[in-house]
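**Student:** I need the structure of the sequence given here:
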Amino acid sequence: MNYLKSYIKEGEHQRQDFKFRVDDAKKIARTLVAFANTDGGRLLIGVKDNGKVVGINPEEEFHMVQGAASLYCKPVLNVFTNILEDKHKLVLEVVVEAAENKPYMALDENDKWKVYVRRDDHTLLANKILLGVWKQKKKKFATPQTFDENEQLVLSIIKEHQPLSLSKIYRKSKLKKAYVDKLLILFVSWGVIKMEITPTGTFFFVEEEKFA
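**Tutor:** Have a look, this model is predicted:
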């Protein structure tokens with residue numbers, strides 16, 4: 001079975017990305033940590049965005065990827081590599097497993113350590129709510145059966161105007177931003193609301209079955 005052809009047939013998606021070659025190790029590091037912070041993923045180096053196999057020198061690309069994972073990822077990220085072939089053209093497969101202890105960070109364009117996630121075929125910055133959710137999930141907690149007045153207020157606002165951005169939740173609730181952040185982190189952790197990070201922004205929805 002030609003695994004490379006079957007992978008390419010899937011196209012780029014949340015767990016797969018194509019790269020013609022590695023020209024920027026820092027940029028590749030962002031893709032690698034985005035996979036680690038989400039569902040894991042596969043990077044195919046030597047494949048154009050349109051799925052055409054162009055081939056590469058696997059040894060050169062391997063050193064670039066290893067440099068990205070060790071120098072520009074924090075903590076150092078373990079990656080697994082494999083060489084695939086199509087009509088004598090070689091492709092480097094780089095596999096990243098989903099991290100258990102999130103977040104992993106990579107350097108941005110300004111050499112600042114940032115957290116990235118994968119959404120569809122995009123590598124995006126994680127926001128403070130998601131970072132808070134990861135931290136919260138390391139603790140033991142139970143979803144409450146009832147909500148207080150302010151919690152009900154925020155939930156009602158989201159339900160009435162969803163999808164709703166963080167800035168609009170601040171404005172409509174008129175509560176302190178830090179307090180709203182704390183509530184949203186708890187709501188997402190409890191599964192009461194859903195957060196979607198997209199290229200155009202982050203939006204919140206109420207999980208209808210949990211908040212009638």
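**Student:** If we ignore the residues flanking it in sequence, what's nearest His13?
**Tutor:** In this structure, His13 finds its nearest non-sequential neighbour in Asp121, 5.7 Å apart by CB to CB, 6 or more residues apart in numbering. In this view, the C-beta of every residue, glycine as well, is placed from N, C-alpha and C.
**Student:** is it true that the one you found touches Glu12?
**Tutor:** Yes - at 4.1 Å, Asp121 counts as touching Glu12 under the criterion of CB atoms under 8 Å.
**Student:** OK, contacts around Arg119?
**Tutor:** 14, 38, 196-199 (CB atoms under 8 Å, 6 or more residues apart in numbering).
**Student:** Mind listing the residues bridging to it?
**Tutor:** Counting by DSSP bridges, Arg119 is bridged to His122.
**Student:** And the residue nearest to His13, how close does it get to Val188?
**Tutor:** Distance of Asp121 to Val188, computed by CB to CB, to the nearest Å: 23 Å.
**Student:** So for the two, which sits in the more crowded spot?
**Tutor:** A count of neighbours by other CB atoms under 10 Å puts Val188 above the other of Asp121 and Val188, at 20 against 15.
**Student:** tell me which element the more buried one is part of?
**Tutor:** helix 177-190 (DSSP states H and E).
**Student:** Packing partners of that helix?
**Tutor:** Judged by 3 or more CB pairs under 8 Å, 6 or more residues apart in numbering; DSSP states H and E, helix 177-190 is in contact with helix 128-136, helix 149-161, helix 166-173, strand 193-198.
**Student:** and of those, who's closest to Lys48?
**Tutor:** Across the helices and strands packed on helix 177-190, Lys48 has its closest neighbour in strand 193-198 (25.0 Å, CB to CB).
**Student:** hang on, isn't Ile8 packed against Asp49?
**Tutor:** No - using CB under 8 Å as the test, Ile8 is too far from Asp49 to be in contact (11.1 Å).
**Student:** Neighbour count: those two, which is higher?
**Tutor:** For Ile8 versus Asp49, neighbours defined as other CB under 10 Å are more numerous around Ile8 (22 against 12).
**Student:** what about the more buried one, distance to Leu44?
**Tutor:** The gap separating Ile8 from Leu44 is 7 Å, by CB to CB.
**Student:** what touches both of these two?
**Tutor:** Contacts common to Ile8 and Leu44, judged by CB under 8 Å, 6+ apart, are Phe18.
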